[in-house]
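> Here is my input; please provide its structure:
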Amino acid sequence: MPLQHLTISDECAKIIPPYSTSLIGMCPPCLIEVTWPAPLNFDDRLCEACSVIRFDDGQFGGCAGEDGHLHFPDDEEGKEFNLGTTHKDSLPLLPSMKASAEAGCSFCGALRDAVLTLDLRDYMEVVIDLSYYWRPKYTNVPGLYRLLATVTAKSKIPGNEDYMCQRMFLVDSEQNTCSDWLQLQPAPRKQALAPENLNMLQEAMEDCIASCDHPQPSEWIPTRLIDLEADNSIDGMRLIETRTACLQKPFRYVALSYCWGPKEMAELQPRTTSNTQSTFLAEIPMSCLTPTLRDAVLTTRALSIRYIWIDALCIIQDNQQDWARESQQMGSVYSNAHLTICTQGTSSCLESFLARPEAVKPIRDRLCTVFNRNSLDALSGTWSKRAWTHQEEALSIRKILFSSSQVTFSCPSFEISETAQAKDDPNYGNIHYVMARYRDSDEKNELYDIWYAIALAHSERNITFQSDKLPTLSGMAKLYADTAADEYLAGLWASDLHCGLLWHLSQSSQTLESIIDRPPSAPYVGPSWSWISHEGQACWYYWRPPLTEDYDIRSEYKHIEGRCLPEDGEANPFGRLVDASMTVESKVVFPGAQRASLLLDRPETSSIYLHFAENYKMVCDLDWKPDGDIDETITTRLFLLLLSSTAVDDPYCMDPSSYPAEMAGSEDPATDADTADLKARLENSDEESRKEEKLERNAWGIILYPKEGTDKFYRVGRFSCAAADGGLRAFDNAEIKRVEIV
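This is a model prediction of the structure:
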């Protein structure tokens with residue numbers, strides 16, 4: 001869904017003194033308006049309620065700065081200009097705004113469209129408040145930045161909470177006196193491939209090649225490419241097998257990163273199959289391409305590059321072996337492309353990423369602290385939410401990002417867009433920089449922690465087929481495996497399992513039955529001990545510097561070994577699996593829980609307390625979402641497998657003072673005295689002696705549930721036991737067992 005933007009018009013422009021009390025007021029010279037297909041008289045297009053968006057600088061106490069721009073004395077962290085409550089309307093049709101829009105108020109129309117995209121079937125009325133935002137001084141260019149509509153929906157059911165969300169409109173302008181005074185972003189050009197944009201992209205690519213010190217693409221060649229200068233074809237386009245083709249020198253190709261869309265849309269695009277391969281090797285007609293693919297061809301030709309790689313056409317889609325082999329090479333495809341075209345503003349292959357609609361819709365404001373227009377504009381499509389595109393974006397060295405309102409060139413060293421007034425450093429890290437830094441280093445801890453950050457982001461992405469989870473990571477996994485010289489185990493690393501296995505799920509909606517009773521007909525995704533097989537955001541704590549202080553995480557198991565059986569180990573050892581298991585030899589506690597209760601009184605929690613013998617208390621983060629209290633028949637079957645320990649000052653272990661009231665006390669005064677004595681000794685001891693004292697370490701591990709009819713186990717959660725609640729002491733008398741987790 002494209003991003004709504006507002007545009008400053010400067011008809012009848014005249015210089016307005018900086019001390020003017022009404023820079024944008026009732027007179028027509030400088031007005032903020034919604035972009036619309038046909039130019040209309042502005043005063044006829046705003047109703048009385050919407051007229052508050054005429055920005056009056058004098059009302060908000062601004063003054064002229066030494067640079068000749070409007071400034072505010074207290075805008076170090078930015079400013080909000082509250083315009084008040086402007087609209088109240090009834091659901092579901094919002095008749096008042098509809099009537100106003102039909103009478104000519106374009107902003108009522110845009111605002112109504114924004115609200116109608118929300119699911120408000122359980123609400124009866126909306127109240128809308130408007131606010132302008134001024135960028136903080138610490139951003140590269142301060143100034144009037146966005147108009148925010150805060151939508152509050154009133155519930156139909158008495159006593160139910162109101163629903164609140166925000167919709168954003170970015171503010172931009174053609175260059176004029178008014179826009180210079182307000183330091184507005186330049187308006188996007190009417191055509192994505194305007195000559196000015198193409199010149200910007202060509203200069204940025206040349207600058208990157210000549211000046212950037214980051215890794216550059218190699219001369220690696222994909223198995224297949226689309227030749228855009230093919231002889232003997234009507235549209236000069238055909239599929240080629242590169243091993244037998246005479247390739248143009250210097251050799252360069254473009255890779256396309258886009259969303260196929262829902263199945264019914266994806267099936268409308270041309271795909272290379274066993275039946276179409278010979279046809280496409282002879283010719284690919286432009287008429288058979290969907291809008292996204294057609295735009296990619298036009299862009300590649302406009303940049304004077306002969307070859308392009310498109311997954312739908314360069315992988316034989318109905319050949320499983322070819323698909324596995326090519327998905328394993330995905331990292332090389334994107335890492336070695338001269339550049340990657342990223343279609344940020346689209347949600348399917350049927351959408352044009354070059355089209356610039358005049359009337360567009362807003363997005364949810366999810367990034368209130370980000371002041372990069374491209375980052376916000378990217379949220380308007382689904383490209384930034386898909387698992388496949390996560391890998392494609394991360395692995396690409398040079399990218400051209402096409403959003404709904406601008407074109408941006410990005411590489412690991414700099415980023416520049418058609419609306420930017422200067423080059424910016426990219427606002428995200430780059431995997432190639434990370435690999436180069438650690439390739440010859442013996443210190444791998446930070447490398448693993450960065451992988452967990454990648455996995456966290458990946459687990460948030462949407463995917464059509466759960467069985468594609470590992471293939472969507474395979475390119476990044478291969479790059480990491482080559483750098484870390486480590487064994488890859490279904491999204492984790494063999495040398496860091498004492499940390500990697502301690503993931504937990506944020507707001508999981510899966511049930512216990514979905515973990516332990518997977519239907520035989522369901523495709524195998526991964527083992528229960530890997531985050532890859534679960535639904536929900538996977539999170540890790542960071543116990544090691546430089547991301548945090550050193551909390552001295554140590555392994556506590558005697559032996560651990562993972563085994564993964566790839567579907568096609570020769571074609572893609574990092575791809576789909578048919579089976580996997582983990583064998584661990586360590587201490588196991590069977591709590592026979594005397595008491596278990598929900599940790600927090602919130603519907604989204606998946607954490608419980610286990611309180612068992614000798615008053616040990618453990619916080620258990622479950623991999624499933626409990627429906628009320630945990631049934632005793634479940635808690636009495638749980639096993640706690642010790643994996644790791646951390647220093648007593650590890651903040652990730654819950655402070656006992658935060659326990660629910662019914663869990664905070666003890667029925668055994670002697671145990672409370674022991675705990676008090678431990679705390680006193682901790683306060684009076686130095687750090688080194690504390691690290692060496694076994695009793696003063698926090699215990700960490702995973703929760704196991706027996707697999708019916710076997711001696712194997714499923715992982716169903718993670719636990720921690722603070723030193724003050726027993727820590728490693730809880731495992732003093734535990735038996736060492738060898739368990740197999742599947």
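
> Off-centre distance for stretch 270-289?
In terms of C-alpha atoms, centre = their mean, to the nearest Å, the centre of stretch 270-289 is found 34 Å from the chain centre.

> what's in contact with it?
224, 226, 230, 232-235, 237-241, 269, 290, 293-294, 297, 312-319 (C-beta atoms under 8 Å, 6 or more residues apart in numbering). Yep, even glycine has a C-beta here, placed from its N, CA and C like the rest.

> List only buried entries from those.
Buried positions within the contacts of stretch 270-289, assessed by neighbour count (16 or more other C-beta atoms under 10 Å), are 224, 226, 230, 237-240, 269, 290, 293-294, 297, 312-317.

> quick one: contacts for the residue nearest to the spatial centre of the chain?
Nearest residue to the geometric centre of the chain (C-alpha atoms, centre = their mean): Ala457, 4.8 Å. When contacts are counted by C-beta under 8 Å, 6+ apart, Ala457 is found next to His390.

> Beyond the helix or strand hosting it, next helix or strand please.
Of the helices and strands defined by DSSP states H and E, Ala457 is found in helix 445-459. Downstream of helix 445-459, the next assigned helix or strand under DSSP H and E is helix 474-484.

> Tell me how many other residues surround the nearest residue to Leu225 once chain neighbours are set aside.
Once flanking residues are discounted, Leu225 sits nearest to Tyr307: 4.4 Å by C-beta to C-beta, 6 or more residues apart in numbering. Neighbourhood size, Tyr307 [other C-beta atoms under 10 Å]: 25.

> quick one, strands of the stretch 401-550 of the chain?
For the stretch 401-550 of the chain, the strands identified by DSSP state E, counting those that start in this stretch occupy 407-410, 415-417, 488-489, 492-493, 504-506, 537-539, in order along the chain.

> Please identify the most buried of the ones you listed.
The densest packing among the strands of the stretch 401-550 of the chain, expressed as mean neighbour count by mean count of other C-beta atoms under 10 Å, is seen in strand 407-410 with a mean of 27.

> Show me what it is packed up against.
Packed against strand 407-410, as judged by 3 or more C-beta pairs under 8 Å, 6 or more residues apart in numbering; DSSP states H and E, are the following elements: helix 195-211, strand 399-402, strand 415-417.

> Now tabulate the ones you listed in CSV and tack on mean pLDDT and distance to Glu585.
Putting those into CSV (pLDDT from 0 to 100; distance: least, C-beta to C-beta, whole Å) gives the following:
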stretch, mean pLDDT, distance to Glu585
helix 195-211, 94, 51
strand 399-402, 94, 46
strand 415-417, 89, 50
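
> Output those in TSV, with distance to Thr472 appended to each entry.
As requested, those are exported to TSV (distance: least, C-beta to C-beta, whole Å):
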stretch	distance to Thr472
helix 195-211	27
strand 399-402	18
strand 415-417	25
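
> surely Ala114 meets Ala149?
Yes - distance between Ala114 and Ala149: 6.7 Å, which falls inside the contact criterion (C-beta atoms under 8 Å).

> on that earlier part again, any idea how far the helix holding Ala457 is from the chain center?
Centroid separation for helix 445-459 versus its chain: 12 Å, with C-alpha atoms, centre = their mean.

> how many neighbours does the spatially closest residue to Ala337 that is not a sequence neighbour have?
Residue nearest to Ala337 in three dimensions, not counting chain neighbours: Ala255, with 3.8 Å by C-beta to C-beta, 6+ apart. Using other C-beta under 10 Å, Ala255 has 28 neighbouring residues.

> quick one, which of the helices and strands packed on strand 407-410 is packed in tightest?
Among these, the stretch with the highest mean neighbour count (mean count of other C-beta under 10 Å) is strand 399-402, at a mean of 25.

> Who are the packing partners of that one?
The elements that strand 399-402 packs onto, with contact taken as 3+ C-beta pairs under 8 Å, 6+ apart, are helix 291-302, strand 339-342, strand 407-410.

> hey, what's the closest residue to Asp725 other than its chain neighbours bridged with?
The shortest distance from Asp725 to any residue that is not its chain neighbour, by C-beta to C-beta, 6+ apart, is 4.4 Å, and that residue is Lys617. Bridge pairing for Lys617 (DSSP bridges) gives the partners His611.

> Just after the lowest-mean-pLDDT helix or strand in the chain, pick out the following helix or strand.
Using mean pLDDT, DSSP states H and E, the weakest-scoring helix or strand in the chain turns out to be strand 31-34, at a mean of 32. Reading on from strand 31-34 to the C-terminus, the next helix or strand found by DSSP H and E is strand 63-64.

> downstream neighbour of that next one in the secondary structure list?
Reading on from strand 63-64 to the C-terminus, the next helix or strand found by DSSP H and E is strand 70-71.
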